[in-house]
Every structure is written in C-alpha cells, then in structure tokens.
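K.L.:
would you be able to build a 3D model of this:
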Amino acid sequence: MHSYFIGIDVGTQGVRVVLLDETGGTVGSSEKIFPLTAHSREEQSPALWWESAFECLQNLLVCVRGSVDLNAVKAISVTSTSGTVIPLGEHNEPLHNALMYSDTRPAAEGKYCRETAERLHPDGYTGFNASSGLSKMVWYSDHFTEKAARLKTWIHATDFIIGKLCGDFSITDYTNALKSGFDVGTGEWPSYLTEHLPLRKEWLQSVVPSGTAIGTLLPGLSQRLGINAIEVIAGMTDGCASQVASGAVQPGDWNTTIGTTLVVKGVTTREIRDPEGRVYSHRHPEGYWMPGGAGNIGADWVSAGFTDSLELLNKAAATLIPTGLIAYPLLQQGERFPFIAPHARGFTPENASQEAIFTANMEGVAFVERYAYEVIENLSGEKVKAVYTAGGGSNSDVWLTIRANVLNKPVHKCGNVTGAAGAAIVAAAGSHFGTLTQAARAMTRIEKTIQPEPALTEAYEQQYQVFIQTLTQKGFIPGPVPIIH
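P.N.:
The predicted model follows:
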C-alpha cells in the first residue's frame, strides 16, 4: 500500500502543488499562475498565496480521489523564495504585503546589515544585500514605524503557508532563517540583531531543521479537503528544495542547475567559509552543510538569440565539439560566481558561424561550471564526487556531453526537479523515512547519465586552460584555482 506526500511551492509567478508517492512517482499536480508586474516584484499579497494554494490543494485532491486512497496521505510541506518576509500582527495577520526577495528598495539597509555583521559577528552569515530578509526587516522598521510598533513576528513566505495549514506561525527552518541573520553554526539569533539593528527578540521565530514536524493540519481544513489531520513539516527555501529533488543530499553530491543563471549547490561535511563571499552555506538537517553559489551567466543567451533553430543548432553542435573556440556568453555586465568581477563582459569568437558560436557558448558555460567546482574543492578541501543536473540547459544532450567531458565526471540528469517535488520529499523525510538522505534515495531518480570520453576530455583540458588564460588576461579572475589531490 502506497503512502503519499504533498509539496507546495509558492513562487514569484504562481503556486504549484504536487502529490508524490513514496517512490517519488507524481500522482497529481495543480498550479495557478500570478501575473508578474513591477509591483509584484516588490510586494505580493500573502492572502492571495494562501487562496491560490488552497484552491490548488482542492483541485489536486478532487482529481486523484478516484485513484488514490486519501487516508494514505501522510504529510505536507512547503517551499518558497529565499529572503521574502512578512510582518505579522497580534492575530497572525499580515501588517503589510510580503516584501519580496526581488525588492531592491532595501539596498542601503543591505549594505548596513553586511557591514554590521562583518564587524560584530564575522563568524556568522555576512553576505546581506537588498534581497536578504534581514535587510527588508530593517527597511520596514525604518519606513513604517507605526506598523512596526504593532509587530508580533517576522516570518518568511514558507512559514505563512505552513502557519495557515497548522495554525503555528512561530517556527521557521534553518534555510529560511539564514538570510534573516540566524547563525546556523551556533543555532542562535546573534545579539547584534537586536542590540545594533532596529529589531526585537520577540519578533524572531524559533528555528528548526527542515523536515521537523511542526503540527497537524487544522481540523477545519482537514474536513474541507477530505483528508486526515496529516502532519505539517518544516520546509525550506526553493533553491534548497530543488537541490533535494535532484537527489544531491549526501556529502560529495552536487547539483548544477542551468536556467537563466548557473546555480551550483551541494553537500559538504564542513562549512565552506569564502572570504570573497561567492559561496555561502545552508545547514543540512542531518548536520552537514549545503553550500552553494549563483552566477549571472547561464542559459539566458539561448533565448536571447538562438531559439528559432535550436534543434538544428544542437545537431550541428554534436559534429563541432570540441570547437577550440573561446566564448563567455554573459549578457549583462558583471559576474558574482564563481568569481566576482563587476566589470566582466561577455565575448564570443569573431568570424565564426552561428553554429560554432552556439557550440562555443555551451562550452564556455561548462568551463565556468568547472571553475566553480575547482573553487569549491579548494575552499572545502573535499572532493566533488557526483554532479546532478537540472534546468533548461540539461535538456540538450550535446551540452550534457560537453559538460561531462569538461568536468571529467559523469553528469546525471535528474527527473522531477521542482521545488514542489522537493517539498514533498522533505514532507516524506519528516514523517515516513526518518532522514532526508533516505527520502531522497527512495524518491528521486536519474533520467540519464553521460560519461566522459578520454579523447574528448583531453581535448577539453587544453581548451579549458586557454579559457582560464583568457579570463585571467581580461582581469576577470586572478588565475587558475589549485586542484585538490
């Protein structure tokens, strides 16, 4: 008899709800889209999130009712955007719209929070900027003093949906709390938050590992949805949830997502401390660390200039690798990971065909990915054992081939790598399997594995060294990263 788990993902542009069984099979899903506007990038209505999530839950359960024993649904968890925060009043009602992670208004507050943390709590997280939850809390306290006087609790987007499900808004998880200033190493809110910033201790939530049971579904909701009073499990940020859904949850496992940007996340036994701020570390619920970084480079160049003939371009690319050409397809100015270079600009080979430029661009992103893993191995002292991959960039077989040979490692293309699936796996970890590792092992799958080929790997080794020399000459990077043996 199957057990089932619900995952909810509240994103910037909509809500998605999935129902997975204990093998990771998707039994059903429902979603609702939000219009994306300039205002919704800054603020959104938590009430709209909840209405949409509940509607999706109802639709999902109605659709599967005939094929699934709803008494076997065991737990539910939630993921949402990192750095999105909501001020709650006395009766757990929002005093203001959610302040979105993409809200750039708290830029000055982000700089102040970063400088304060570096001065007073340098051993904790210090990478605050406009997108951080802490910066938004300080900004709100400074700009809405009357409302701030009525504040009861600052919560995160994930916590609002969990609170609406079980009635408890007072608890968050380690991944959401990190960018609100929580020290995931010591497990405490540092004193500088309330002694040197305009925050109060009573505003800050209790913090638990993702996968911790927080409560049970409220009786009224249970009745309306037609399911038992299932467990409500502490969730995590969307980036971490996608990493979980990829299966990269054990030390040495890493996930590269190539979407609009390149995002690298993995698991280490020790915290990575990067003096340059390129990499920061979440806390794994089993005591490991989940470091990661996000660049400005990615696959946005594909949609910007190559969408009309992708199939033909990929076929041509398969015959052109390795090109021997050097490209760095950055569309905007400035890079933040795996190197920080505000002056960096993209470049492509001159006098090359569209097919060759397309192929060289894929190679260039793969070279940046390799450099990222060399940086990570150098900082952590731990080897990257396995690379799982997701995002639009993983849909190209020739790009997978390029990356496996540039990295000289097998690259595993993942199955259902969505935030909602990750949330369902977290729900299963906290209610059924006991650990996140066991849940991910049972509920994630690999669609295909691309192995490196010796001749291609050797050719790409030479091309990679030229790529590094080029970026060094341009002043983007200081030079090759030492390799850990």
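
K.L.:
all strands of the stretch 1-150 of the chain, in order?
P.N.:
Using DSSP state E, counting those that start in this stretch, the strands of the stretch 1-150 of the chain run over 4-11, 14-21, 26-33, 43-44, 73-80, 85-88, 98-99.

K.L.:
same list (the ones you listed) but as TSV, adding mean neighbour count.
P.N.:
All C-beta spots, glycine's among them, are computed from the backbone N, C-alpha and C. Formatted as TSV, these follow (neighbours: other C-beta atoms under 10 Å):
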stretch	mean neighbour count
strand 4-11	29
strand 14-21	24
strand 26-33	17
strand 43-44	18
strand 73-80	29
strand 85-88	24
strand 98-99	26
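
K.L.:
residue contacts, residue 83?
P.N.:
If you count contacts by C-beta atoms under 8 Å, 6 or more residues apart in numbering, residue 83 has them with 101, 131-133, 136, 179.

K.L.:
what's the per-residue pLDDT of the closest residue to residue 169 other than its chain neighbours here?
P.N.:
For residue 169, ignoring the flanking residues on the chain, the nearest one in space by C-beta to C-beta, 6 or more residues apart in numbering is residue 163 at 3.5 Å. Per-residue confidence at residue 163 stands at 98 (pLDDT).

K.L.:
and the chain, what are its domains?
P.N.:
Following automatic domain parsing, one gets these domains for the chain: 4-239, 247-473.

K.L.:
re the thing from before, buried subset of the contacts of residue 83, written for PyMOL?
P.N.:
In PyMOL syntax, the buried subset of the contacts of residue 83 is picked out as below (16 or more other C-beta atoms under 10 Å):
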select buried, resi 101+131+132+133+136+179
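
K.L.:
farthest-separated two in the contacts of residue 83?
P.N.:
Using C-beta to C-beta, the contacts of residue 83 span at most 9.6 Å, a distance reached by 136 and 179.

K.L.:
which stretches in the stretch 251-400 of the chain count as helices?
P.N.:
Using DSSP state H, counting those that start in this stretch, the helices found in the stretch 251-400 of the chain span residues 300-305, 310-320, 354-380, 397-407.

K.L.:
of these, which is nearest residue 294?
P.N.:
Across the helices of the stretch 251-400 of the chain, residue 294 has its closest neighbour in helix 354-380 (10.1 Å, C-beta to C-beta).

K.L.:
hey, where'd the strands end up in the stretch 201-350 of the chain?
P.N.:
206-208, 213-216, 231-237, 253-258, 262-266, 280-283, 289-294.

K.L.:
check the stretch 351-485 of the chain too.
P.N.:
Under DSSP E, counting those that start in this stretch, the stretch 351-485 of the chain gives strands at 386-390, 411-414, 446-450.

K.L.:
okay if I get these as JSON lines plus mean pLDDT, mean neighbour count and distance to residue 43?
P.N.:
JSON lines is the format used below for the strands of the stretch 351-485 of the chain (pLDDT from 0 to 100; neighbours: other C-beta atoms under 10 Å; distance: least, C-beta to C-beta, whole Å):
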{"stretch": "strand 386-390", "mean pLDDT": "92", "mean neighbour count": "24", "distance to residue 43": "29"}
{"stretch": "strand 411-414", "mean pLDDT": "94", "mean neighbour count": "23", "distance to residue 43": "33"}
{"stretch": "strand 446-450", "mean pLDDT": "94", "mean neighbour count": "15", "distance to residue 43": "38"}
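
K.L.:
distance to residue 83 added to these, as JSON lines?
P.N.:
As requested, the strands of the stretch 351-485 of the chain are exported to JSON lines (distance: least, C-beta to C-beta, whole Å):
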{"stretch": "strand 386-390", "distance to residue 83": "21"}
{"stretch": "strand 411-414", "distance to residue 83": "25"}
{"stretch": "strand 446-450", "distance to residue 83": "31"}
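
K.L.:
show me where pLDDT drops low in the stretch 151-300 of the chain?
P.N.:
Counting by pLDDT under 70, the stretch 151-300 of the chain contains no low-confidence segment.

K.L.:
returning to what we had before: which stretch among the strands of the stretch 1-150 of the chain comes nearest residue 64?
P.N.:
Closest approach to residue 64 among these is made by strand 26-33 (4.3 Å; C-beta to C-beta).

K.L.:
what pairs with that closest one, and is each one parallel or antiparallel?
P.N.:
strand 14-21 (antiparallel) (DSSP bridges).

K.L.:
pLDDT of the partner strand, averaged?
P.N.:
According to the model, strand 14-21 has a mean pLDDT of 97.

K.L.:
before we move on, what about stretch 85-99?
P.N.:
Across stretch 85-99, the per-residue pLDDT values average to 97.
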